[in-house]
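Undergrad: what follows is a predicted structure for the sequence shown.
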Amino acid sequence: MSIRIFLLPLLLLLSFSGYSQKKHYKVISLNVIPWFDSYSTVLQPTFEYSLNKSLSLGLSIEKGKFNIGEYNGVQVSDLKGWGIMPQFRYYPFTQRKPAPFGFFIGTHFRYRILEESYYSNVNVSTRGYSFDLGACLGYKIKADILNFEFLFGSGWGNGSFKTPNQRDLIDPILKSNLSSAEYYLRMEINVGIHFPQFRNEAKSSND
C-alpha cells in the first residue's frame, strides 16, 4: 500500500528579484508546493524582477508530472508536460518593505503542453494542452539573508486533448479533467536565500 503525502512535491524555484533606487536583491529560492494530488512532482524555475517599490513581473517555466492516477494501490496513469506562466504582482504596503517583500496580490496566465498516459489493461497516450488565468495573494518575509513566501491562489481555465484518440478506453475515474478547479489550484511555500555579494553591495550603497 503506497503512502499518500499531503505536503508533496519539492519544487525547485530559482527566483531573482530586485527593487529600484539603484540597488537590487538577487534571490535563489527552494520551493515546496503541496498540490492537491499528492503524487505530483514539478520543477519550476522562476524569474521575478520588481519594476518599482510596488510592482514586479515574473516568469515561471514548469516541467514534470501534474497528476498521477492510482487504482488499488497501483499506479496506472500520469499527466506530464511543461508550461510557461508569466506573473504580475502588486505589493500595496511598501513604506517599510518595498517589493518584492511583504504582502502581495498577483495575477498570472499559464499555458501547458501535456501528455496523458494510461497503462493498465490497455496502453493509451494522448497529447493535449491547457490554459488558465488566475489570481493569488501571499506574503514574503525577509530575514537577513533568507526570505520566506506563502502563496495561495487559483486559476480559471480549460484544455483539450487531440482527437481522434482512444481516451474512451480509459476508466472515467482516471481520466484527466482539464476543466477541474482543483487542477488550477496554487498552494506554495517558498524559501529564498540572498546572494551575499549582492546583499552587501546593496548595503554599501546606503553608506
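TA: The structure has been received and is ready for your questions. Numbering: from 1, shown residues only.

Undergrad: what average pLDDT does stretch 177-192 get?
TA: Average pLDDT, stretch 177-192: 84.

Undergrad: what are the buried residues along that stretch?
TA: Leu178, Tyr183, Tyr184, Leu185, Arg186, Met187, Glu188, Ile189, Asn190, Gly192 (16 or more other Cβ atoms under 10 Å). The way it works is simple: take the backbone N, C-alpha and C, and place the C-beta from them, glycine included.

Undergrad: starting at the chain centroid, how far to that stretch?
TA: Stretch 177-192 sits 7 Å away from the centroid of its parent chain (Cα atoms, centre = their mean, to the nearest Å).

Undergrad: who does the longest strand anywhere in the chain touch, helix- and strand-wise?
TA: Selection of the longest strand in the chain by residue count, based on DSSP state E, yields strand 123-143. Counting contacts by 3 or more Cβ pairs under 8 Å, 6 or more residues apart in numbering; DSSP states H and E, strand 123-143 packs against strand 102-119, strand 146-161, strand 186-194.

Undergrad: could I get it in PDB with only the CA atoms?
TA: In PDB, the C-alpha atoms belonging to strand 123-143 read as follows (Å, rounded to 0.1, in the frame of the first residue of the first chain):
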ATOM      1  CA  ASN A 123      -1.800   1.500 -23.300                       C
ATOM      2  CA  VAL A 124      -3.200   4.900 -24.200                       C
ATOM      3  CA  SER A 125      -1.200   8.000 -24.800                       C
ATOM      4  CA  THR A 126      -2.800  11.300 -25.700                       C
ATOM      5  CA  ARG A 127      -1.300  14.800 -26.200                       C
ATOM      6  CA  GLY A 128      -3.200  18.000 -25.300                       C
ATOM      7  CA  TYR A 129      -2.900  21.400 -23.800                       C
ATOM      8  CA  SER A 130      -4.400  23.600 -21.000                       C
ATOM      9  CA  PHE A 131      -4.500  27.300 -20.100                       C
ATOM     10  CA  ASP A 132      -5.800  29.300 -17.200                       C
ATOM     11  CA  LEU A 133      -5.900  32.900 -16.000                       C
ATOM     12  CA  GLY A 134      -5.600  33.100 -12.200                       C
ATOM     13  CA  ALA A 135      -5.100  35.300  -9.100                       C
ATOM     14  CA  CYS A 136      -3.200  34.800  -5.900                       C
ATOM     15  CA  LEU A 137      -2.300  36.500  -2.600                       C
ATOM     16  CA  GLY A 138       0.600  35.900  -0.400                       C
ATOM     17  CA  TYR A 139       3.300  37.300   1.900                       C
ATOM     18  CA  LYS A 140       7.100  37.300   1.600                       C
ATOM     19  CA  ILE A 141       9.200  37.700   4.700                       C
ATOM     20  CA  LYS A 142      12.800  38.900   4.700                       C
ATOM     21  CA  ALA A 143      15.000  37.600   7.500                       C
END
